[in-house]
Each structure stands twice: as structure tokens, then as C-alpha cells.
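A.B. asks: Next come a sequence and a model predicted from it.
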Amino acid sequence: MSLSAFEASRKSQSPVELFLFRYGSDPLAYFAFTDHTQQVVYDGITYLPEPIKRGEINSQQGLDKSEMAVETRLNNPVSELFRIYPPSSPVMLTIRAGHLTDPDQEFGVIWVGRVQQVTRIKQTSKLSCTPASSAMRRTGLRRHYQLTCPHVLYDQENGSCRANKGAATTPAVPIVALAYLEVTFAAAWFGALDPVKFIGGLVEWDGALGREYRTIIRVEPDGLTLSLNAPTTGLDIGSLVDVVLGCNHQLEDCETLHNNVVNFGGMPFIPQD
């Protein structure tokens, strides 16, 4: 029996929805839930029973008002990703609908989007989600004449930065001291480099659900302690992290620090008189 036949039948209907949340690039980094009372296996993924429901799907033309709410329990694993600080990678949501009694398991996709934020209300979590189609309508950045480079550091698209991130990475640096927004390394961890040049760079490590990224916003005068833009969740003293150089987006850093002047996007020779 086809899906449309199940939808039209009063006797055979057993509607169920599947919620697949993906976080990060690892194929196994996902949470799968169903609003049914028993688990559902679809396409090799086991969807676990969960008190979860969605709001109405908005089909109006104005995508700026098409936010959808998903409600679940307070300590749902997806909600926990947002407890301290928004996760490093986007949390994507795919919702499928079908019927449990359908032998063909025709679970069609009814909504695809991204979890933007989580609001905790009493004993429930409200996930505010925006559809994937809304991102396709956004106006891109316009490039203007400017002295400094407008490229996103290490972006590999044609016509962008294309700096070698691997060559700019100091790998497996052990943490000797740790605070909420700070990491401290041993003496001379930066080698021959100027530690100030790591401002605007990254501290990276493999977390429980994928790669975690923190931006370096300040380096102490001794060069050993780095202040980060977000909490050091999942790290301990002795943890190994990769530290990636930053860039001041000026011609000098592009040439001497990254050997990437051929891709410099600024206009450093604009007359200023």
C-alpha cells in the first residue's frame, strides 16, 4: 500500500514522525527521535521514543516568518548542546512522516532546517528552528575597496583566502592550566613564532560529538595563556589541542606569516592623501 493510501485510510493509519538532528561532520554525530511509543528503524538509523512534538509547518512566501518550534523534555541531548554555549557546528534537523504499519516504510521528508536557539521553559525545551530555504534567500556580502583583506581566514573557495591551515597549525599542544575561558600552555609552546600572531586564530580539539572550535581573542604578555571566545567545555589539564595562527588581515601578515600574498584581497596601495 502506498503512502497516499495510508493517508486516506481511517483503518490503516498509524502516523509517526521521525526527528533526525545532525551535529558536526561525523556521520555518527546525530540524535534520532520519534514521537511514537516504540523505537523505529529507518534507513539504518534507530529512532528512539522521545516526548517531542513540532509546531505547524509554515508554507507562506515570506521566509523571514517561517520559524518552527520543536518542544521536547528539558534534558533532551539536543537541548544540552546549547546549555552553556551554542555548539561549534550547525545543528541540522530533518523531519520525516509516515505510518508505522506501512511495510514499505515510506517516510517522506516534510521539513529540513537548522536549530537556531533553545529556550527552557519549566520542564520543557523549545527549539527554535529555521528552514533551510531561508538561507538561500539571504543577500551576500558586498565587497568594497578597503586597505585590509576581507577574506575569511583559511576559507578554501576560489577567490577567497586559501591560506594553508595545516601549515599554520601547532598540533597537540598540552594544556597545563585551565579556566572557564582560558587555556595555559607550557613555556615556549609557540616555538619561533610571535604568540601575539595567534590572536584571531583558533584552538581546536575533538569533542564528544565532533570537532570543537574556539577563537583566540587575547594572548597574555608571557604568551602562555590564551583567552577564548567561549567556554572550554570538555577540556581538562593534560588535554591536547591544536592551535592555529590568526591574521591581522594586512599585507604583512599575509606575506610573512602565511606566505599567501597571491590571494591577498585588500587594496593596500589606495592613495590616502
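C.D. replies: Perfect, thanks for sending it. Numbers count the residues shown, from 1 in each chain.
A.B. asks: Would you confirm that Glu204 contacts Thr215?
C.D. replies: No: in this structure, Glu204 is not within contact of Thr215 by CB atoms under 8 Å, at 10.5 Å. Every C-beta, even on glycine, is put in place using the N, C-alpha and C of the backbone.
A.B. asks: which of the two has more neighbours?
C.D. replies: Neighbours per residue, other CB atoms under 10 Å: of Glu204 and Thr215, the larger number sits with Glu204, 18 against 15.
A.B. asks: so how far is Leu74 from that one?
C.D. replies: Noted for Glu204: a distance of 30 Å to Leu74, by CB to CB, to the nearest Å.
A.B. asks: So for stretch 164-174, mean pLDDT?
C.D. replies: In this model, stretch 164-174 has a mean pLDDT of 96.
A.B. asks: Contacts only, for the nearest residue in space to Lys165 that is not next to it in sequence.
C.D. replies: Among residues not flanking Lys165 along the chain, Tyr154 sits closest, at 4.3 Å (CB to CB, 6 or more residues apart in numbering). Contact analysis of Tyr154 by CB atoms under 8 Å, 6 or more residues apart in numbering lists 161, 163, 165, 168, 244.
A.B. asks: for Pro87, same thing?
C.D. replies: Pro87 makes contact with 23, 81, 209, according to CB under 8 Å, 6+ apart.
A.B. asks: pLDDT weak spots in the protein?
C.D. replies: Where the chain drops to pLDDT under 70, the residues are 1-13, 59-66, 134-141.
A.B. asks: Look up which helix or strand Glu204 falls in, please.
C.D. replies: Per DSSP states H and E, Glu204 falls inside strand 202-207.
A.B. asks: Walk me through which strands that strand pairs with, and which way each runs.
C.D. replies: Within its sheet, strand 202-207 is paired with strand 210-219 (antiparallel), strand 240-244 (antiparallel), according to DSSP bridges.
A.B. asks: What segments of this structure are helices?
C.D. replies: All helices of the chain, identified by DSSP state H, fall at 3-8, 77-81, 132-135, 251-252.
A.B. asks: which strands and helices sit next to the second one?
C.D. replies: Which is helix 77-81. If you count contacts as 3 or more CB pairs under 8 Å, 6 or more residues apart in numbering; DSSP states H and E, helix 77-81 packs onto strand 68-73, strand 108-121, strand 124-131.
A.B. asks: most tightly surrounded among those strands?
C.D. replies: A comparison of the helices and strands packed on helix 77-81 by mean neighbour count, using mean count of other CB atoms under 10 Å, puts strand 124-131 on top with a mean of 19.
A.B. asks: Lovely, talk soon.
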